[in-house]
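**Student:** A predicted structure for the sequence below; I have some questions about it.
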Amino acid sequence: MEGEVGFLGLGIMGKAMSMNLLRHGFKVTVWNRTLSRCDELVEHGASVAETPAAVVKKCKYTIAMLSDPSAALSVVFDKDGALEQICRGKGYIDMSTVDSDTSTKISEAITSKGGYFLEAPVSGSKKPAEDGQLVILAAGEKTLYEEALPAFDVLGKKSFFLGKVGNGAKMKLVVNMIMGSMMNAFSEGLILADKSGLSSQTLLDVLDLGGIANPMFKMKGPTMIQKNYSPAFPLKHQQKDMRLALALGDENSVSMPVAAASNEVFKKARSMGLGDLDFSAVFEAVKFPEGSS
Ligand SMILES: NC(=O)C1=CN([C@@H]2O[C@H](COP(=O)(O)OP(=O)(O)OC[C@H]3O[C@@H](n4cnc5c(N)ncnc54)[C@H](OP(=O)(O)O)[C@@H]3O)[C@@H](O)[C@H]2O)C=CC1
Ligand SMILES: O=CC(=O)O
């Protein structure tokens with residue numbers, strides 16, 4: 001990955017990832033819809049471009065890390081979007097969590113102009129992004145995957161190449177569907193323990209020693225008990241992932257009652273105004289279901 005790398009989208013993940021690239025000696029040109037969010041990256045050596053098109057014009061490789069399908073499409077297809085400057089030899093790597101249709105639309109547009117496309121959503125949240133410990137789920141153009149490995153090695157602890165475009169998106173949605181359902185079950189367990197007169201902390205200790213111990217319970221349990229929902233993975237994005245995973249289930253005639261019920265609780269949490277908090281704030285919606293005070 002020689003030369004300047006472009007980075008579009010400096011939210012929780014994009015900021016941590018582009019900072020990591022800078023720390024490891026990559027030259028990075030950044031763009032964010034809210035341009036002021038570029039300032040901190042500039043202090044650490046990044047250059048700024050005014051539009052996605054300007055980033056692509058300057059850089060052989062451009063990485064995008066955007067909130068959802070509509071943002072991913074807008075940054076490519078809108079006026080001054082990335083597509084305007086895609087030409088032969090340019091690589092576009094979308095690391096946002098989107099559905100396979102969105103990824104395919106972007107891929108077809110990029111490749112129709114002679115560019116190369118890779119989808120590469122990630123598993124792992126704010127802290128793994130800061131520590132370069134993401135799990136990268138890439139699919140699409142194998143040559144671009146191989147060229148991107150020096151960057152992926154900085155951003156992640158392991159990269160998978162999953163074949164044709166769409167497979168990375170699908171894998172990410174399956175993983176996050178499981179994660180969202182687990183977070184709901186965990187929240188119900190914490191409440192059941194509390195209402196039954198048991199100590200929440202003791203429940204966490206018991207869980208951590210058994211067969212269902214996992215890093216998510218270990219990390220989120222204590223902060224949930226303290227009602228600290230400072231966002232690492234925003235709840236609105238988890239709900240988007242449940243919705244997209246359920247659509248994938250529809251397409252494949254897979255019945256997912258557990259995920260469907262969990263999605264309802266995430267929707268309820270959004271309607272309670274919790275969308276910008278961490279996804280563990282779904283705990284509040286489980287505590288106070290529809291109709292209760
Ligand atoms: N946070 C996490 O733990 C993880 C998140 N992900 C996925 O990574 C992606 C980014 O997540 P995260 O960084 O947390 O999200 P944030 O909400 O923190 O950041 C979203 C980014 O998308 C930009 N954006 C939103 N809408 C548009 C639009 N219409 N046009 C242009 N830019 C837009 C925002 O720009 P602006 O600053 O202007 O609002 C911002 O840069 C999501 O797909 C998420 O599901 C994957 C793994 C972990
Ligand atoms: O998408 C979220 C994550 O933690 O992975």
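**Tutor:** Sure, I can see it. Numbering: from 1, shown residues only. Ligands and ions are numbered 1, 2, ... in the order given.

**Student:** do the longest helix along the chain and ligand 1 meet?
**Tutor:** Among the elements of type helix in the chain, defined by DSSP state H, the one spanning the most residues is helix 167-195. No - on the criterion C-beta under 6 Å from any ligand atom, helix 167-195 is out of touch with ligand 1, staying 7.4 Å away. Backbone N, C-alpha and C define where each C-beta goes, glycine included.

**Student:** Would you indicate which residues of the helix or strand just after that helix are buried?
**Tutor:** Scanning forward in sequence from helix 167-195 by DSSP states H and E, the next helix or strand is helix 200-209. For helix 200-209, the neighbour count (16 or more other C-beta atoms under 10 Å) marks 200, 203, 204, 207 as buried.

**Student:** Next: stretch 261-278.
**Tutor:** For stretch 261-278, using 16+ other C-beta under 10 Å, the buried residues are 262, 263, 264, 265, 266, 268, 269, 270, 274, 275, 277, 278.

**Student:** cool, and stretch 104-118?
**Tutor:** Neighbour-count burial for stretch 104-118, with 16+ other C-beta under 10 Å as criterion, is recorded at 104, 105, 106, 107, 109, 110, 111, 115, 116, 117, 118.

**Student:** Pick out whichever of those sits closest to residue 79.
**Tutor:** Nearest to residue 79 among those, counting by C-beta to C-beta, is residue 109 at 14.6 Å.

**Student:** neighbours around the closest residue to residue 254 other than its chain neighbours, how many?
**Tutor:** Take residue 254 and drop its neighbours on the chain: the residue closest to it by C-beta to C-beta, 6 or more residues apart in numbering is residue 248, 7.9 Å away. Close neighbours of residue 248, defined as other C-beta atoms under 10 Å, add up to 20.

**Student:** From residue 74, how far off is residue 248?
**Tutor:** Counting by C-beta to C-beta, to the nearest Å, the gap between residue 248 and residue 74 amounts to 22 Å.

**Student:** Pick out the most distant pair among the buried residues of stretch 261-278.
**Tutor:** Among these, the pair separated by the greatest distance (C-beta to C-beta) is 264 and 278, at 19.1 Å.

**Student:** and the residue lying closest to residue 203 once chain neighbours are set aside, what does it touch?
**Tutor:** Nearest residue to residue 203 in three dimensions, chain neighbours excluded: residue 193, at 4.4 Å (C-beta to C-beta, 6+ apart). Applying C-beta atoms under 8 Å, 6 or more residues apart in numbering, one finds that residue 193 lies in contact with 199, 200, 202, 203.

**Student:** Kind regards, and thank you for your time.
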